[in-house]
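Q: Quick one, fold the following:
(one chain, ligands or ions: 2)
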Amino acid sequence: MAGDQRPLIGITMGDPVGVGPEILCMALDYTEIYDFARPVVIGDPEIMHMAAGIARTGPKIRAVNDLQTAVYEPGIVNLISASRLCRDAHKWGHPSAETGRSMISYIEAGIDMAKSGQIDALVTCPINKAAMKLAGGIYPGHTEMLAQRTTTREYAMMMAGSRLRVVLATIHKALRDVSAALDENRIATVIRLTHQALKSRFGIARPRIAVCGLNPHAGEEEMFGHEEARLIRPAIAGAVSQGILATGPHPADTVFYYAVNGAYDAVVCMYHDQGLIPFKMVHFHDGVNTTLGLPIIRTSVDHGTAYDIAGKGIADPGSLMAAIEMAADHARRTKHPV
Ligand SMILES: NC(=O)C1=CN([C@@H]2O[C@H](COP(=O)(O)OP(=O)(O)OC[C@H]3O[C@@H](n4cnc5c(N)ncnc54)[C@H](O)[C@@H]3O)[C@@H](O)[C@H]2O)C=CC1
Ligand SMILES: NCC(=O)COP(=O)(O)O
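A: Ligands and ions are numbered 1, 2, ... in the order given. Here you go, the predicted structure:
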């Protein structure tokens, strides 16, 4: 359609033996998605056909080369074929070096398409980090790969839902390495990236950001640790001096209660589970993972490959649908800033 204003959204199929392919078929079975987006899948035709059978969905999978002339309407799933896996060698929940390499190739293709402007945003289905390693991949996840391939030095992982947004100062770190990985500059950067994203991507004019402490009771006057006094408090003070509405360090055991009840637009967390436990308690089925600081828009599901249920047709596509909707929304907002 000439002059079509719906953003073009590239969606990577994710791990071929995980729940990605089936939730993708289920999500694209919702006709409403085509009201606001032109989705195109980057993945494997054989696996998508198998997944469509498992998900019992109707749409036809159609291979496309030219995104501009493809037809984007309910009933058609446009697919850019980036691997040719063999049905006979495929087993749900059982990764191989080949399936690992394939899922990496979807992400590489998706990043290139986003960088060159062929698509307006990239949505990623889940990958398995062990399968990534099996395939010789060097990254812990999408986030680090996206940062490296877009030469982005300052980036952060945000998990976003209607009631709670959390942003991580450290991502995939062993708990015992967290303290050493934190520094004032990193915390200040994450507060700034959060502030910028809330304004430009989420349309919040004066974002309110809560910053967690690391230790129990936010250190309790340094009785339980020094990170709050030495790193977190100075980072918040620096942000405040730049006009950012950042407060804290807040004790992490109470701040999320206030955040889900509307007191803050986002909570900056010091480590992965500090943010993701409260987030998934509230948003397991509709939460979105988005990477802040990149020159491209990237959203993702909040869950993993769920090998235990892959291929059974029972996975919930809610998080993926929310990720597609957010990608389209952010693409529109970026093209037409208010
Ligand atoms: N965006 C991504 O690529 C992500 C990848 N991962 C990776 O996924 C792999 C597996 O991680 P786990 O910790 O086992 O988490 P997981 O999210 O794959 O599974 C945890 C539990 O949630 C259930 N579950 C997950 N997604 C579901 C859905 N859509 N509908 C219904 N139930 C669902 C699973 O059946 C399982 O019981 C790991 O390699 C992890 O690093 C984890 C989170 C995000
Ligand atoms: N817990 C979130 C997660 O592991 C997703 O990582 P990424 O693949 O988006 O970097």
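Q: got any ranges where the chain has weak pLDDT?
A: When the per-residue scores of the chain are filtered using pLDDT under 70, the ranges that remain are 1-2, 337-338.
Q: Specify the residue positioned farthest from the middle of it.
A: When distances are taken from the C-alpha mean of the chain, M223 lies farthest, 36.3 Å away, according to C-alpha atoms, centre = their mean.
Q: how close does that one get to ligand 1?
A: M223 is 34 Å from ligand 1, where distance means C-beta to the nearest ligand atom, to the nearest Å. Heads up, the C-betas are built off the backbone N, CA and C, glycines and all.
Q: tell me which element that residue is part of?
A: Counting by DSSP states H and E, M223 is held by no secondary-structure element, helix or strand.
Q: For it, grab phi and psi.
A: For M223, the backbone dihedrals (degrees, to the nearest 10) come out as phi -70, psi -30.
Q: what does the chain have sitting close to ligand 2?
A: Within the chain, the positions lying close to ligand 2 (C-beta under 6 Å from any ligand atom) are G141, H142, T143, L276, N289, S300.
Q: and which of these is nearest to A51?
A: Proximity of those to A51, judged by C-beta to C-beta, is greatest for S300, which lies at 17.9 Å.
Q: Is that closest one in contact with G141, as I believe?
A: No: contact status for S300 versus G141: not in contact, 9.4 Å apart, counting by C-beta atoms under 8 Å.
Q: of the two, who's got more company?
A: Looking at S300 and G141 with other C-beta atoms under 10 Å, you find the greater number of neighbours at S300, namely 30 against 19.
Q: Check the secondary structure at that one for me.
A: Secondary structure state of S300, per DSSP: H, G, I helix; E, B strand; the rest coil, is strand.
Q: Could you do A259 as well?
A: Bear in mind the rule, three-state DSSP; under it A259 is helix.
Q: quick one, what contacts the residue lying closest to it once chain neighbours are set aside?
A: Leaving aside its chain neighbours, A259 sits nearest to V267 (5.0 Å; criterion: C-beta to C-beta, 6 or more residues apart in numbering). Taking C-beta atoms under 8 Å, 6 or more residues apart in numbering as the criterion, V267 is in contact with 164-167, 209-212, 250, 255-256, 259, 275.
Q: List the beta-bridge partners for V267.
A: In this entry, V267 is beta-bridged to V166, A210, by DSSP bridges.
Q: In strands, which of the residues of the chain next to ligand 2 appear?
A: Using DSSP state E, the members of the residues of the chain next to ligand 2 that fall in strands are N289, S300.
Q: If we check ligand 1, which of the residues of the chain next to ligand 2 are in contact?
A: Taking C-beta under 6 Å from any ligand atom, the overlap between these and the neighbourhood of ligand 1 is H142, N289, S300.
Q: From those, pick the one nearest ligand 1.
A: Distance to ligand 1, by C-beta to the nearest ligand atom, is smallest for S300 among those, at 4.4 Å.
Q: count of residues packed around H49?
A: H49 has 16 neighbours, counted by other C-beta under 10 Å.
Q: Contact partners for it?
A: Taking C-beta under 8 Å, 6+ apart, we find H49 in contact with I61.
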